[in-house]
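*Asks:* build me a model from this:
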Amino acid sequence: MSRRAFSVTALSALVAGSGAVAAGSAMAGGTTKPARRRATREMRGVWVATVANRDWPSKQGLTADEQCAELIAHLDAAEESRLNTVVLQVRPTADALWPSPYEPWSQVLTGTQGEDPGWDPLGTAVEEAHARGLQLHAWFNPYRIANHTDPTRLAESHPARRHPDWVVTYGGKLYYNPGLPEVRAFVRKAMLDAVERYPVDAVHFDDYFYPYPVAGQTFDDNDAYDRYGGDFASRADWRRDNIDQLVQEMAAGIRKIRPTTEFGISPFGVWRNAATDPLGSDSRAGVQTYDDLYADTRKWVREGWIDYICPQLYWNIDFAAADYAKLVPWWAEVARGSRTKLYLGEALYKAGDAAQPAAWQDPAELSRHLTLAKEHVEPRGHVFFAAKDVAADRIGAMARVVADHYGRPAIPPR
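*Replies:* The predicted structure is shown next:
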């Protein structure tokens with residue numbers, strides 16, 4: 001299940017290695033285009049998901065030339081839609097889309113985890129994005145190891161096979177245990193390697209910290225809690241502190257290595273419901289990030305630990321359990337007066353999907369989101385999920401956004 005599918009479920013219950021970069025850029029007719037001068041400051045982004053080959057590459061086992069050509073096509077589509085930022089998933093399952101000394105090559109490239117694809121996808125993406133006047137945000141998933149439960153299917157060199165004590169099996173997947181200091185140190189080091197190697201414009205986390213709850217199952221971190229949780233009033237407080245530490249340590253590491261690189265997080269769109277906490281939003285979500293994912297997203301904004309937050313507001317206006325029109329002002333209030341910029345995550349993938357409510361059959365729904373957001377000072381742009389849907393644009397919802405709101409070019413706010 002994709003990370004976005006959880007939104008529905010929850011509610012119902014560079015450059016190091018510059019030679020490799022240059023070689024990759026030359027593949028498949030990759031050309032350097034002159035960067036365009038942008039006129040307006042706002043975020044206009046698109047996610048490019050690689051997990052399970054959701055957006056790119058279109059399938060496993062393509063040649064290096066074919067992979068590169070598809071990647072460049074996504075960059076060109078972003079530019080043609082007057083977007084200015086591409087958020088590329090480069091560490092989908094404790095693996096890498098660059099030559100990492102810490103983790104194996106991702107199987108989404110060749111079909112075999114650990115197999116060298118013959119080029120440097122992240123390095124090429126950074127160079128080609130910048131050539132088009134696009135920012136490149138490197139998107140990492142900190143703790144997910146695999147979308148299955150069989151460690152023997154991992155590459156022999158995989159750290160999870162060398163350190164089985166780091167691994168928790170839960171909900172049909174394998175995860176690193178966020179409660180172990182050695183795990184936090186390792187995943188931080190593995191992710192910061194990309195920041196050292198490439199001039200990425202931002203490091204980007206999505207909504208996965210502790211995994212989404214699965215009915216009838218328990219995330220078994222008893223041993224870690226017994227060893228490290230003694231100073232906390234509850235296991236939940238200890239888990240939240242584990243995630244807080246990762247966020248603060250990543251922010252510090254990024255600042256030290258590459259001070260111009262930002263740190264942004266795109267959480268599930270509901271921190272807490274007002275029925276749970278008077279500070280929460282007017283919503284009735286079945287998952288709350290504070291209570292279920294142990295991610296205190298409101299705190300990260302108010303404390304200024306991150307440069308931007310991009311809540312996934314993947315619901316239509318007037319949706320009863322989580323109304324876009326109520327969540328935008330709530331997040332605007334959270335960001336008000338903080339140093340953290342607010343961007344809004346948009347569910348382009350729902351537009352024209354027959355399984356979605358009637359509102360998503362209207363090509364103007366997303367355009368109305370942008371109109372509504374302009375009523376508030378704090379939202380500084382939008383990020384669309386996801387690249388495949390920008391290219392397909394089933395009912396013209398993206399074209400409508402471009403026509404109604406993107407008449408002029410833009411650069412991301414900095």
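*Asks:* so where's the stretch 201-350 of the chain shaky on pLDDT?
*Replies:* Residues of the stretch 201-350 of the chain that meet the criterion pLDDT under 70 are absent altogether.
*Asks:* all strands of it, in order?
*Replies:* Secondary structure of the stretch 201-350 of the chain, counting by DSSP state E, counting those that start in this stretch: strands at 202-205, 262-265, 308-309, 341-346.
*Asks:* any chance of these in CSV, with mean neighbour count and distance to His163 too?
*Replies:* Quick note: C-beta positions are derived from backbone N, CA and C, even for glycine. CSV is the format used below for those (neighbours: other C-beta atoms under 10 Å; distance: least, C-beta to C-beta, whole Å):
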stretch, mean neighbour count, distance to His163
strand 202-205, 24, 22
strand 262-265, 23, 26
strand 308-309, 24, 32
strand 341-346, 26, 33
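*Asks:* ok, which of those comes nearest Arg284?
*Replies:* Nearest of these to Arg284, taken as C-beta to C-beta: strand 341-346 at 19.6 Å.
*Asks:* other SSEs contacting the closest one?
*Replies:* Packed against strand 341-346 by the contact rule (3 or more C-beta pairs under 8 Å, 6 or more residues apart in numbering; DSSP states H and E) you find strand 43-48, strand 308-309, helix 324-335, helix 365-373, strand 379-385.
*Asks:* distance to Phe140 added to those, as JSON lines?
*Replies:* JSON lines is the format used below for the helices and strands packed on strand 341-346 (distance: least, C-beta to C-beta, whole Å):
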{"stretch": "strand 43-48", "distance to Phe140": "13"}
{"stretch": "strand 308-309", "distance to Phe140": "15"}
{"stretch": "helix 324-335", "distance to Phe140": "23"}
{"stretch": "helix 365-373", "distance to Phe140": "27"}
{"stretch": "strand 379-385", "distance to Phe140": "16"}
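*Asks:* most tightly packed of these?
*Replies:* strand 43-48 (a mean of 28; mean count of other C-beta atoms under 10 Å).
*Asks:* tell me which strands it pairs with, and in which orientation.
*Replies:* strand 85-91 (parallel), strand 379-385 (parallel) (DSSP bridges).
*Asks:* restrict the helix or strand following it to CA atoms and write it as PDB.
*Replies:* Beyond strand 43-48 on the C-terminal side, the first helix or strand identified by DSSP states H and E is helix 64-80. The C-alpha coordinates for helix 64-80 follow below in PDB (Å, rounded to 0.1, in the frame of the first residue of the first chain):
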ATOM      1  CA  ALA A  64      20.400   2.900 -17.400                       C
ATOM      2  CA  ASP A  65      19.500   4.900 -20.600                       C
ATOM      3  CA  GLU A  66      15.800   4.100 -20.200                       C
ATOM      4  CA  GLN A  67      15.800   5.000 -16.500                       C
ATOM      5  CA  CYS A  68      17.600   8.300 -17.200                       C
ATOM      6  CA  ALA A  69      15.200   9.100 -20.000                       C
ATOM      7  CA  GLU A  70      12.200   8.500 -17.800                       C
ATOM      8  CA  LEU A  71      13.600  10.700 -15.000                       C
ATOM      9  CA  ILE A  72      14.300  13.500 -17.400                       C
ATOM     10  CA  ALA A  73      10.800  13.300 -18.700                       C
ATOM     11  CA  HIS A  74       9.500  13.800 -15.200                       C
ATOM     12  CA  LEU A  75      11.700  16.900 -14.800                       C
ATOM     13  CA  ASP A  76      10.500  18.200 -18.100                       C
ATOM     14  CA  ALA A  77       6.900  17.700 -17.100                       C
ATOM     15  CA  ALA A  78       7.400  19.600 -13.900                       C
ATOM     16  CA  GLU A  79       9.000  22.500 -15.800                       C
ATOM     17  CA  GLU A  80       6.200  22.500 -18.400                       C
END
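*Asks:* out of the strands of the stretch 201-350 of the chain, flag the one nearest Thr149.
*Replies:* With C-beta to C-beta as the criterion, Thr149 lies closest to strand 202-205 of those, at 23.7 Å.
*Asks:* for that closest one, name the packing helices and strands.
*Replies:* By 3+ C-beta pairs under 8 Å, 6+ apart, strand 202-205 packs against strand 135-140, helix 181-197, helix 235-257, strand 262-265.
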